[in-house]
Structure formats: structure tokens, C-alpha cells
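> return atomic coordinates for the entry below.
(2 chains)
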Amino acid sequence: KQEVTQIPAALSVPEGENLVLNCSFTDSAIYNLQWFRQDPGKGLTSLLLIQSSQREQTSGRLNASLDKSSGRSTLYIAASQPGDSATYLCAALGADMRFGAGTRLTVKP
Amino acid sequence: ETGVTQSPTHLIKTRGQQVTLRCSSQSGHNTVSWYQQALGQGPQFIFQYYREEENGRGNFPPRFSGLQFPNYSSELNVNALELDDSALYLCASSLPGVRGSEQFFGPGTRLTVL
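Next up, the predicted model:
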């Protein structure tokens, strides 16, 4: 059974800092890994999708990596801004989509 | 291109009642998945519909049921509501027949069971 874990559960950083969010999964038999952003009480916004055959994906200030052999993915956010404050969720798609509990990020001005 | 929409946005019910939530998939997507997200947790997979047939189910009891219509919109029905059913219910659509394709989520329906 796939289990997805995200560390840390919460993170507070000053504006401008670069940061890394971590995601680990127990079953490497996945089709892809997807990172989402969720604002309070809202739905999920897809940030990056990494197919199982890929190692990383980049979009603007975001970079996500995938290491299937070690069961890890990271989301790197460069030059963080207060508008980046949200909960970030990773999800591994295998037989079904399994989510981590998320990292709640606060970027202070 | 129209995104995933869900209705209603908020709903309050009492224990034992039944509820129906609705989802319209993104244009061109014929696969719809439903998720339950309790406060402070990640979403949990309920089930998926593909071409009007259930195509996978998570660890949810039979009182959670669904439908998909020919236009690919979908309903989630929950019978005999319990307090623990209070959550944000999310639906997501994805490209037809493409395993591993990106899922696009709607804004969710917030269900409160009193």
C-alpha cells in the first residue's frame, strides 16, 4: 500500500529565501508524481507533474525532482514571496492517487 | 477551455441524511475522480469513473456511490451521513485513456454534517 509523507509539516521563512519541500513515497511503481498548491478552503492547483521516466520539471521559480529508486521528490522554490504562502501537497499516481498531508508554508514580508 | 466546476460550494446536512454533489469535468476529459479531504489532511481517493463505469475505488464504504453521465459530468452520492463525513470533497478530471496524465481539480464542495 502506497504511503506518502511530507516533511516538514509547516515551514516559515522570510521573503526572498530559497526553500525545499520534501515528499517521500513507499512504492516506486508510480506513473507520475504531481505537486499541488492549496490555499485555505480552496481546491488544488497543479504546479508540476513529473512522469516516472523523468528526473525533474521546472516552471518559473519552481523546480521539482523525482528519484524513484529512493522514493523521494523535492519541490524547490526560489526567491520566495509572501504570495507563495499556502499548503503544498505532493501526490503519487499508481493504482490510485495517494497524497501526502502537505507542508504549510508561510513566507513573511 | 472550461475548467473543472463543482456544485454546490457549501452544504450543511444532519446525520442520517443523504447528499448529492456534482462535478463537471474539463472539456475533453472523460475520466473523473472524487476525493475526500478532512481538515488538515491530504485528499483521500474515493473512486474514479471512466466512460460511465467505476474504474477503481478507495477504502470507502458502499454508502459512497457515484455516477457518470454521457457528457462526462459526475455525481457523488453519500447516504446515511455521519459526522465524520464532514470534509471538502474534490473532483478531478484527466485526459481520456492516458495513464499517468495530469489531474485537474475543481474548487471543491465543503460538506458539514451536524
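
> wait, A:Gln57 sits on A:Leu48?
Yes. If you go by Cβ atoms under 8 Å, A:Gln57 and A:Leu48 touch, sitting 4.7 Å apart. From N, CA and C alone the C-beta is placed, and that goes for glycine too.

> tell me which of the two has more neighbours.
Using other Cβ atoms under 10 Å in any protein chain shown as the criterion, A:Gln57 and A:Leu48 rank with A:Leu48 on top: 21 against 18.

> and that one, which of the three is it?
strand (DSSP: H, G, I helix; E, B strand; the rest coil).

> beta partners of it?
Assessed by DSSP bridges, A:Leu48 has beta-bridge partners A:Trp35.

> thinking again about what came up before, show me the common contact partners of A:Gln57 and A:Leu48, please.
Here A:Gln57 and A:Leu48 have A:Ala64 as joint contacts, going by Cβ atoms under 8 Å, 6 or more residues apart in numbering or on different chains.

> burial count for residue 35?
I went with chain A, as the question did not name one. Around A:Trp35 there are 24 residues (other Cβ under 10 Å).

> think we crossed wires, I meant chain B
Neighbours around B:Tyr35, by other Cβ under 10 Å: 27.

> distance of it from A:Pro14?
Shown here: B:Tyr35 relative to A:Pro14, a distance of 34 Å by Cβ to Cβ, to the nearest Å.
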